[in-house]
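Chemist: This is a predicted model, with the sequence first.
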Amino acid sequence: MIAGFRPGQSWVKAAVLKDSTQRRTILRHEQTHFDLAEVHARRMRRAFEDLARPCSQTDSQLSAEADRLTQEEKAEQRRYDVETHHGLLSDQQATWSRDVARRLGGP
């Protein structure tokens, strides 16, 4: 699994672009979404690297593990949006941003 960004599929409301405060707030929130995706991509890579005898696993077993990890990532992304109210709750946003940066090995 890799975390990627597709600029051609990215968008933002025009009103947000006109307001520098909103623009910074939204960018910080979306950057943390991306960073959280990277946390989970690393977790998935580690889970598959740590499998004992991966060739003895069936495609179904490997797919089930990938699906489980993907669902965990989606659930955490949803929780992040709920707890930060999509980045509008600045204290909660700062807490999430710090925690995710720590999980990535940053400051």
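Modeler: Looks like it came in fine.

Chemist: Show me what counts as buried in the longest helix belonging to the chain.
Modeler: Identified as the longest helix of the chain according to DSSP state H is helix 20-49. Buried positions in helix 20-49, judged by neighbour count with 16 or more other CB atoms under 10 Å: 22, 25-26, 28-29, 32-33, 35-42, 44. To be clear about C-beta, it is placed using only N, CA and C from the backbone, and glycine gets the same treatment.

Chemist: Can you tell me which of those is closest to R103?
Modeler: Among those, V39 lies closest to R103 (CB to CB), at 4.9 Å.

Chemist: what's the spacing between the residue nearest to that closest one when sequence neighbours are not counted and R43?
Modeler: For V39, ignoring the flanking residues on the chain, the nearest one in space by CB to CB, 6 or more residues apart in numbering is R103 at 4.9 Å. When CB to CB, to the nearest Å is the yardstick, R103 and R43 sit 9 Å from each other.
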